[in-house]
Structure formats: structure tokens, C-alpha cells
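J.: Structure for this input, please:
(one chain, ligands or ions: 2)
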Amino acid sequence: MSGKDYYKILELEKGASKEDIKKSFRRLAHKYHPDKGGDEAKFKELSEAYSILSDDKKRAEYDTYGQTFGGGAPGGFGQGGFGFGDGEGGIEFDLGDIFGAFTGGRGRRVSRGSDISVDITLSFEEAAFGVDRKLIITKQGTCKECKGSGARKDTTYITCDKCNGKGKIHDVKKSILGSFATVRDCDKCIGKGEMPKETCKNCKGSGVLRAPEEITVKIPSGIENGEMIRLSGYGEAITSGIAGDLYVRVHVTPHKELKKEGINLRMDLNIKLTDALLGAEHTINSLEGELKVKVPAGVSSGEILRLKGKGISSHNQGKGDLLVRIVIKTPEKLSRKAKKLIEDLKNEGV
Ligand SMILES: [Zn+2]
Ligand SMILES: [Zn+2]
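T.: Ligands and ions are numbered 1, 2, ... in the order given. Now for the predicted structure:
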């Protein structure tokens, strides 16, 4: 708030009279009226300046300190009315009402269709590698026949009789600042000013149609369970507006052996005691198929073998590793012969 020169904004000198302030505001408010092709930001600034300088107490504070204190920020007065206590026969006007007239003009507000959300379930592999998943979604979509225009092919256009081809409907709103013309889109031609002589039979002229639509969703590699993909503009279409968005929530089925940790994969490998002692080669099922793993002699239970680059390829983090944790399975039962051999080993100090 501070630093703004409210006098300059209202094109006034510092000791301007209350009458001058009012006159200047009225003149400039007309000039910058947003619905007359003016400048909404500028208009708000004017209103802010006026709300301070028209209030004796706030003006005194502003003149002294260059800002105002308490009573809420200047410019935040849109809700309340305030009065011209003098002159004009004590006429009061409600600013909320005037702002309503300025900003309530439709036209500038683009209508938007609803968002849709769907859930999909992916296998562990699909989530790891990424996949193109086809979805069939029944929704309000753009009519294929007329591509959303609502017009029959090769039809001629006629001028809208409600707005005389202007596409806008003007209303007049009276306020202390004078009469303001508010403008809104013509509801008959939806702001276009003209209408097709013959409407599209497929969508009955609405340009949108409820139908099943096939949508291909590109699932990036390495997507996590619970992540959401947003497809902008794939939601419900709407006549003369923009379509909503489609949200796809991804559920990933867990893998029997592999666990995902970011871009790395983890798994356990059960090996025999003798494999741990002598070393061995094991075949494991990685995401990319069978892989041979060399288990070094003397490996301990819990030790991790890292297979570089055998993890998940992420679209933005490169490629992860496969971490294989060694689990030594001690035999539960021993044959008489095995027991004898192990006792020999014990005697060897193993
Ligand atoms: Zn019209
Ligand atoms: Zn159509």
C-alpha cells in the first residue's frame, strides 16, 4: 500500500478539495470502466485511492504518514458501501453494487467443463517401464461432425436477432457515477453474433455430445503407486467454453519378489550354505528377464549384491540398480552322511 501516490492516481494536487476528489474519481472511473474497454487494474487502483482520500480520517493518516493504519487494507472495501456524507443531497452508493456492475459482466469469464477422475491399475512391470494405456471414457466431448461449432456442414449463417449480430447484450446500470452500460454475451448466439441456419444433427447444435471416447494415457516409466496424471482438456467439454481436465490415478500391483525403492529394485536371493562357502552362480528373474548372478565364495547372510543398471529407468532420474540381498538357508535336517561331513569340517576349524 505504501509508496502509492493516491493524488497522482486521481490526477490531483495534494490539498485537493473533497469536491475535486469526487469529480476526478467520477471522470476517471468512467474512463477506465472495465466494461468500456478500460483497464480493470487501473480502475481498482482508482477506487483504492478514492476510498482513502474521500475518508477524512484515512486521508489525514495518508497525508501524514504516506499510508493508512487499521480498518483493513485500502482497496479492500468492495464488500461495504460508503457514503458521500455531504453534497449530492446525501446520496449513498454501494460500492459492492458498482463493482458488481463492472466485474459481473460475463464475457470475460470463460466457462469450463467439469474435471473427470479415473483410477487405473498397472502391473509392476508396466509401472516400471511406462506404458501407453487406452481408456474408454464416456463423457461430454466435442461433436466430431461439426467440430464443436454446432453448425451443419456447409450451412449458411444468419445474424442473431437477439443481439443484432453484436454478440453482446447491453444493460444499463444506474449509479451515482452515472449510468454504466454493462455488457454480457448474448445467450442466444453465445456471443458469436451469428447462428448457423441449419444446426448439426449429430449434436443438435450444442457442439458437444455425450459419447464414449478412447483416450491414450502415456504412463511414464517409474511411476509410483498413488501418483496422478493430469490430462489437460480431456475432461467434460462444454458448449462455448473450455473442457475440464482428466485426472488418472495410478495403482500399481505389487511384485512377488521385487520391491521398488525409487529407481532401485530390491529382492532377496536364497542360497544354500555350501553356495555361501564355495561361491555359486544363480539365475534370478529381473524385470528385464533372467539374469545370472555370481555369488562370491564366503558371502554372508544379509550382504547385498548390486547389479548396476538393472533397476528402473526413470524419465528424469536415469537408471537405477537391482539390489540382491543374500539369505543363507541353513538346512533343517541333515542326513547321517552330511552330519558326519560337517563334523569333519568342524574338526577342520570351519
Ligand atoms: Zn446473439
Ligand atoms: Zn455437432
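J.: Pro296 is in contact with Gly279, isn't it?
T.: Yes: under the criterion of C-beta atoms under 8 Å, Pro296 makes contact with Gly279 at 5.4 Å. (Glycine included, C-beta is placed from N, CA and C.)
J.: more neighbours, the two?
T.: Using other C-beta atoms under 10 Å as the criterion, Pro296 and Gly279 rank with Gly279 on top: 14 against 11.
J.: The more buried one: what's it in contact with?
T.: Lys294, Val295, Pro296, Ala297, Gly298, Val299 (C-beta atoms under 8 Å, 6 or more residues apart in numbering).
J.: got a winner among those residues for most neighbours?
T.: The most crowded member of the contacts of Gly279 is Val295, carrying 21 neighbours; neighbours defined as other C-beta under 10 Å.
J.: tell me the contacts of that one?
T.: Per C-beta under 8 Å, 6+ apart, neighbours of Val295: Leu269, Ile271, Asp275, Ala276, Gly279, Ala280, Glu281, His282, Leu305, Ile326.
J.: For ChimeraX, write the selection for the buried entries among the residues you listed.
T.: Entered in ChimeraX, the line below selects the buried ones among the contacts of Val295, by 16 or more other C-beta atoms under 10 Å:
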select :269,271,275,276,280,282,305,326
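J.: closest to ligand 2 among the contacts of Val295?
T.: For those, the closest approach to ligand 2 (C-beta to the ion) belongs to Leu269, at 60.9 Å.
J.: any idea how far Ile242 is from Ser114?
T.: Distance, Ser114 to Ile242, using C-beta to C-beta, to the nearest Å: 12 Å.
J.: Quick one: the helices in the stretch 201-350 of the chain, in order.
T.: With DSSP state H, counting those that start in this stretch as the criterion, the stretch 201-350 of the chain has helices at 273-278, 336-347.
J.: In TSV, list these along with mean pLDDT and distance to ligand 1.
T.: Compiled in TSV, the helices of the stretch 201-350 of the chain are given as follows (pLDDT from 0 to 100; distance: least, C-beta to the ion, whole Å):
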stretch	mean pLDDT	distance to ligand 1
helix 273-278	94	83
helix 336-347	93	95
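J.: residues in contact with the nearest residue to Cys189 once chain neighbours are set aside?
T.: Spatial nearest neighbour of Cys189, excluding adjacent residues (C-beta to C-beta, 6 or more residues apart in numbering): Cys160 at 3.7 Å. Going by C-beta under 8 Å, 6+ apart, Cys160 touches Gly167, Cys186, Lys188, Cys189, Lys192, Gly193, Glu194, Met195.
J.: Just the buried ones from these?
T.: Counted by 16+ other C-beta under 10 Å, the contacts of Cys160 give Gly167, Cys186, Cys189, Lys192, Gly193, Met195 as buried.
J.: Dump those residues to CSV, plus distance to Leu177, pLDDT and secondary structure.
T.: Below are these laid out as CSV (distance: C-beta to C-beta, whole Å; pLDDT from 0 to 100; DSSP: H, G, I helix; E, B strand; the rest coil):
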residue, distance to Leu177, pLDDT, secondary structure
Gly167, 26, 90, coil
Cys186, 26, 89, coil
Cys189, 31, 86, coil
Lys192, 31, 86, coil
Gly193, 29, 90, coil
Met195, 36, 89, strand
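J.: Now do the helices in the stretch 1-150 of the chain.
T.: 6-9, 18-31, 40-53, 56-65, 95-103, 124-129.
J.: mind checking which of the ones you listed is nearest ligand 1?
T.: So among the helices of the stretch 1-150 of the chain, helix 95-103 is nearest, using C-beta to the ion, at 21.2 Å.
J.: what bridges to Gly178?
T.: Ser175 (DSSP bridges).
J.: typo on my end, it should be Lys259
T.: Arg266.
J.: contacting residues for it?
T.: Contacts of Lys259 (C-beta under 8 Å, 6+ apart): Leu265, Arg266, Met267.
J.: could you dump those to CSV with distance to ligand 2, neighbour count and pLDDT?
T.: Formatted as CSV, those follow (distance: C-beta to the ion, whole Å; neighbours: other C-beta atoms under 10 Å; pLDDT from 0 to 100):
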residue, distance to ligand 2, neighbour count, pLDDT
Leu265, 50, 24, 95
Arg266, 54, 16, 96
Met267, 55, 17, 97
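J.: Show me which residues of stretch 311-322 are buried.
T.: Neighbour-count burial for stretch 311-322 flags Gly311, Ile312, Ser313, Ser314, Gly320, Asp321, Leu322 (criterion: 16+ other C-beta under 10 Å).
J.: Can you pull out the residues in contact with it?
T.: Residues outside stretch 311-322 that contact it (C-beta under 8 Å, 6+ apart): 128-130, 220-222, 260, 262-267, 286-287, 291, 306-310.
J.: Thank you kindly, that will do.
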